[in-house]
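Undergrad: Please find the sequence and the predicted model below.
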Amino acid sequence: MNIQSILKSVLILHFLFFSQFVGASYSQQYDKELLKLVLTNPKLALSQSKEKLLQAEISGDVKGQLVALLYSAQSLDVMAQNKEVEIVVEKGLALAEKHRNIRFISEFIGYKAYQQELQGNYREAILNANKAYQYSIETADDRLIAENLALRGEIQMAIENYDLAMKDVEAAIEIFKENDDQINLSFNYNLLAIIYSGMDDHENALKYYKESSLYDEIESPYNQASILYNMGSVYVAQKKYEKAIDLYNQSMEISKKINDDYSIAFTNYGLIEIKILQNDLKDAEETLSTVFKYFELAEDELMLFNSHLLMAEIYTKKKQYDLAFEQLELARIKSEFLDTPSVNLYYYQQMITYFVAQEMWKEAYELEKKSAIVKSKVNSKNKEKLISELKIKFNAQFDQEKLELLQEQNSLQKNAIIQEKAKQNYLWALLLLGLTLFIFTFTAYRNQTKSKKRLYKLSTIDYLTSVANRRHIIEKLKSLHQLNIAEGKIFGLVMVDLDYFKKINDNFGHDIGNDVLIHFAQTAKSVLKDIGQVGRIGGEEWLLLMPGLDVEEIRKVLNILRTKYKNNSAIKLPENFILSFSSGVLVCKGQYKNYEKMLSDVDMAMYNAKENGREQDAYI
């Protein structure tokens, strides 16, 4: 079963799970227009939510602050700014707990559970989802109760407990039906369809995707693209490729309208899989070559891994085994970095295909045994039981044929006729078992692929500027610091703050301010292309990492960056307005035992540079 559908649908579904507050037994939405903006124009929704938060803080309106924080979290979530979502959720939860607001404690704990689900921390996700549900019962608010039931069902689905997921989601749908809540019905029918997809019930999956579309009164482009993509995935599973391609293309058109290049690349990836299934290898290879750059730009290690394996499959089918092996080697390196059971399993599966294509039976068999071990870490108990039953059917003959084959090879293949027969029987048995493993693990893998694709993007890329976000650049800093301690490798650390950025926002608007942020990010990325990395750590503040550079070399790099940053011809600013920045600079030569102290020192140096007149660098 191909569960490509889970990516956007699950991510969209939760946006409305946490948007109401206590009132009657079934509370109405706080601000329907703002909620609509969250799903249609999240950037504007975030801006308005921040304004409402500021007003509520000035007036001391606690409920207003909680509502504004909730919409801020939702908007950031749609824009894939995961780190910022976590910060807002923690702030909202702390405020709700301080004022003992049970309603919002439930909402923010629920949001926390969703974040933990994305991170694969299912145990904590389930625990927090249950907490959120218990708090919602205390509110006696049917809407919140239903939303938390749906959330819990979503997490159960992610770990493939389909029976429990179905029970929770259907219970939530009944409440939404009783109250004619079309918005929540749309999202929960989408979720129900995904559950049916996971159980290979294609008929009901399509039925409920269509039902979801009928209830979509907001007409969110994200939801529409998701439904079309999900339906296309069902048709792929049914081998109705023309219908799937049509739906993928419709989804892509919507993604183009909202300028979501990454989703376009991902949809292209789905189309490539169909081309390979249809043996259209030339077109698949050409399209996949163009897709690589988007995943490289996003630094998406998981999708690069997937793409290398897909390219290896193409080359294997074309019998270009040297090229296939190169792609498999690149995938292996990525798999060691990602290091999850599903990733390893998918890598093994493609390697087995590669070995079988060249009749390298012993290598294929050894890897099949490894694959079986990894499989046990991925599949649910029910799937393991089914695999076990299938093994009973195949293994007696399967293992005996392997033994015969190896014995014949060790005796220099004395009996050519028996050997050939054993090869053929082995191939069929191997393909059957491989297909069985693929069917029952591909669902888990696809689920993880889509969720992790989204998660990886959330956790590494700054949505606005397309450079490393705070979490990712800090991880890079930790790695460099560890190398410094272990091997004495020096590196430069620079913290940058854009001068007069608030003035730009106040005088020329946030859109111009965003253009300035993007301009700095792309300029820094260009200057540091071969020597370092840039990451946005918040607002107008940035970290630059320069491995192996000393003070004088860093000084030269910053001078180049400062000169290029001043060129604001592409930004609608007055000609006499000069862009500049201030920075704190240090070179780590083993003097720091922890990276936190480095950040503190370079941050202080940066503020000293600003206090001393800006447009300068303060060296430690």
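TA: Thanks, I have the structure now.

Undergrad: Can you pull the domain assignment for the protein?
TA: Annotated domains of the chain cover 1-219, 367-452, 470-619 [automatic domain parsing].

Undergrad: quick one, which of the ones you listed is nearest to residue 264?
TA: domain 1-219 (12.5 Å; CB to CB). To be clear about C-beta, it is placed using only N, CA and C from the backbone, and glycine gets the same treatment.

Undergrad: Residue 536 falls within a helix, correct?
TA: No - assessed with DSSP: H, G, I helix; E, B strand; the rest coil, residue 536 is strand; it does not lie in a helix.

Undergrad: mind listing what residue 177 touches?
TA: Under the criterion of CB atoms under 8 Å, 6 or more residues apart in numbering, the neighbours of residue 177 are residue 185.

Undergrad: Which element, helix or strand, includes residue 604?
TA: In this assignment (DSSP states H and E), residue 604 forms part of helix 595-611.

Undergrad: And that helix, how far out from the chain middle?
TA: Taking CA atoms, centre = their mean, to the nearest Å, the mean C-alpha location of helix 595-611 is offset from the chain mean by 32 Å.

Undergrad: Kindly report the same for stretch 518-532.
TA: Taking the mean of its C-alpha atoms, stretch 518-532 sits 24 Å from the chain's own mean (CA atoms, centre = their mean).

Undergrad: all strands for the stretch 51-200 of the chain, in order.
TA: Secondary structure of the stretch 51-200 of the chain by DSSP state E, counting those that start in this stretch: no strands are present.

Undergrad: contact partners of the helix holding residue 604?
TA: Here helix 595-611 makes contact (CB under 8 Å, 6+ apart) with 474, 477-478, 481, 493-497, 499, 582-586, 588, 592, 616-620.

Undergrad: in this structure, what spans have low per-residue confidence?
TA: Filtered on pLDDT under 70, the chain yields the residue ranges 1-24, 80, 82, 118-122, 159-160, 262, 297-300, 337-342, 374-459.

Undergrad: And the strands in it?
TA: Per DSSP state E, the chain has strands spanning 491-498, 533-538, 541-547, 581-588, 617-619. These are given in chain order.

Undergrad: Quick one: list the elements packing against the last one.
TA: Translated: strand 617-619. Other elements packing on strand 617-619 under the criterion 3 or more CB pairs under 8 Å, 6 or more residues apart in numbering; DSSP states H and E are helix 551-566, strand 581-588, helix 595-611.

Undergrad: Adding distance to residue 167 and mean neighbour count, write these out as TSV.
TA: Formatted as TSV, the helices and strands packed on strand 617-619 follow (distance: least, CB to CB, whole Å; neighbours: other CB atoms under 10 Å):
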stretch	distance to residue 167	mean neighbour count
helix 551-566	56	16
strand 581-588	54	23
helix 595-611	46	17
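
Undergrad: The ones you listed into CSV, with extra columns for distance to residue 539?
TA: Compiled in CSV, the helices and strands packed on strand 617-619 are given as follows (distance: least, CB to CB, whole Å):
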stretch, distance to residue 539
helix 551-566, 17
strand 581-588, 13
helix 595-611, 13
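
Undergrad: So for residue 116, which of these sits nearest?
TA: Comparing the helices and strands packed on strand 617-619 by their distance to residue 116 (CB to CB), the top pick is helix 595-611, with 24.6 Å.

Undergrad: Between strand 491-498 and the closest one, find me the angle.
TA: In this structure, helix 595-611 runs at an angle of 40 degrees to strand 491-498, with axes from the mean of the first three to the mean of the last three CA atoms, to 10 degrees as the basis.

Undergrad: and the angle from helix 595-611 to strand 533-538?
TA: Using the same axes, to 10 degrees: helix 595-611 against strand 533-538 is 80 degrees.

Undergrad: Would you map the helices across the stretch 101-250 of the chain?
TA: Using DSSP state H, counting those that start in this stretch, the helices assigned to the stretch 101-250 of the chain run over residues 102-118, 122-139, 142-158, 162-178, 182-198, 202-214, 221-237, 241-257.
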